[in-house]
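# test case, fold it:
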Amino acid sequence: MVANVEEKQVAYPQERASTGTHVPEKKPLLSRLLPYLFIAPALAVFTVFLFIPFIRTIFLSLFLTNSVGEARVFRGLGNYIRLFTSVDYLTVMLHTVVFAAILIVGAMGLSFITSNLANMKGRAFRIFPILFTMPIAAAAGSFALLFEKMFDPTAGVINKMLHANIGWFQDPHLAMLSIGMISIWLLSGGNFLYMYAGLKNIPKDVLESAEIDGASGLVKLFRVTVPCMSPMLFFILVTDIIASFQVFTQINVITQGGPGNETNVMVYGIYRDAFFNFRFGPAAAESVVLFLIILGATLLQFRNEKRMVHYN
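Residues are numbered from 1 along each chain as shown. Take a look at the predicted model:
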């Protein structure tokens, strides 16, 4: 009886080994924490400069504050109700949407044309990538001052070339369009770089097949080039939507929201309410509304991604 028990005790490890089961070794605590330690500095920066300010902005949007931004009177949704019942604020929202449409269409259209020009064969086109990426190196503030002098109604080079006396930034009907043209130029450099890279990544055999099939230039452009570039175009569209709602420097330097609030967009309105009028509660509510608009526009684009983008 004892012998049988000993045989079973000896056989048990052998049987366990023969089954081929593997018991995973438990990793040391440091090895498991190491990935989190690597991202800890980035998380700390995001927490201090993004998450905490965002939470505080939502908090302040529910209050009236004093002149230094301390919450004093709880208003709940009162700041939001006041915004959406204010004709001035609704006008600012309309200006923002119009400006965003001008900027997105203009920047993407200009970049698409310039990237196709730079992609053409020939020595004359080799300098185009350098010229069209110049806006990337441009500081928005300094170039806004440069454009302000160029479009000056009395001494500006643009009016001298046109032999006219046009108030580009003083005329309420032209101010938004003029700021839009400057913003299009500043945004087009990055767009060009992405589109040019997208054009270079189109397989040559696809283009050659289209040429063999007798496709004309326009057919090849819209039936081959655009579908092949659609992932890159989608990325540019999303980033341009976000950027268009955040334009501030050009407006602050040139028009300060004028003339007559014609160039006053949501970001500049937040800045003016917070740091000129010291209405930090309403400014925080405006910030939350702007965040929700950008978030909604971005999510809408991703929802339609499958219909807009061709990955094959």
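# contacts only, for L218.
Applying Cβ atoms under 8 Å, 6 or more residues apart in numbering to L218 gives no contacts. (Each C-beta comes from the backbone N, C-alpha and C, glycine too.)
# what sits against F132?
With the criterion set at Cβ under 8 Å, 6+ apart, F132 makes contact with 111, 114-115, 118, 188-189, 192, 196.
# which among the residues you listed end up buried?
Neighbour-count burial within the contacts of F132 applies to 111, 114-115, 118, 188-189, 192, 196; the criterion is 16 or more other Cβ atoms under 10 Å.
# mind putting the residues you listed in CSV, distance to E286, secondary structure and pLDDT included?
As requested, those are exported to CSV (distance: Cβ to Cβ, whole Å; DSSP: H, G, I helix; E, B strand; the rest coil; pLDDT from 0 to 100):
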residue, distance to E286, secondary structure, pLDDT
S111, 30, helix, 92
T114, 35, helix, 89
S115, 36, helix, 89
A118, 40, helix, 86
S188, 28, helix, 90
G189, 30, helix, 88
F192, 33, helix, 91
Y196, 37, helix, 90
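# closest one of these to L77?
L77 lies nearest to S188 out of those, by Cβ to Cβ, at 40.1 Å.
# ok, now which ones touch that closest one?
107, 110-111, 114, 132, 135.
# how close does it sit to F99?
16 Å (Cβ to Cβ, to the nearest Å).
# and what of V219?
34 Å.
# and F147, by the same measure?
Between F147 and F99 the computed distance is 16 Å (Cβ to Cβ).
# just Y196 next, same as before
In terms of Cβ to Cβ, Y196 sits 26 Å off from F99.
# ditto for I242
I242 is 14 Å from F99, by Cβ to Cβ.
# so what's the closest residue to A107 other than its chain neighbours up against?
The shortest distance from A107 to any non-neighbouring residue, by Cβ to Cβ, 6 or more residues apart in numbering, is to L187 (4.2 Å). Residues in contact with L187 (Cβ under 8 Å, 6+ apart) are 103, 107, 135, 240, 243-244.
# likewise M181?
G106.
# go again with 10 Å.
102-103, 106, 147, 151, 168, 174 (Cβ atoms under 10 Å, 6 or more residues apart in numbering).
# from the contacts of L187, which land in helices?
Applying DSSP state H to the contacts of L187, the entries found in helices are 103, 107, 240, 243-244.
# of the residues you listed, closest to K27?
K27 lies nearest to A243 out of these, by Cβ to Cβ, at 43.3 Å.
# the nearest residue to that closest one once chain neighbours are set aside and G167, how far apart?
Closest residue to A243 in three dimensions, ignoring its sequence neighbours and counting by Cβ to Cβ, 6+ apart: L187, at 6.2 Å. L187 sits 24 Å away from G167, taking Cβ to Cβ as the criterion.
# could you do S230 as well?
Distance from S230 to G167, by Cβ to Cβ: 41 Å.
# pLDDT weak spots in the stretch 1-150 of the chain?
The model of the stretch 1-150 of the chain has pLDDT under 70 over residues 1-26, 122-125.
# one more pass at 80, please.
Applying pLDDT under 80 to the stretch 1-150 of the chain picks out residues 1-30, 121-131, 137-138.
# can you pull out the strands in it?
63-65, 71-74 (DSSP state E, counting those that start in this stretch).
# going by contacts, tell me the helices and strands next to the shortest one.
Counting by 3 or more Cβ pairs under 10 Å, 6 or more residues apart in numbering; DSSP states H and E, the packing neighbours recorded for strand 63-65 are strand 71-74, helix 78-84, helix 280-303.
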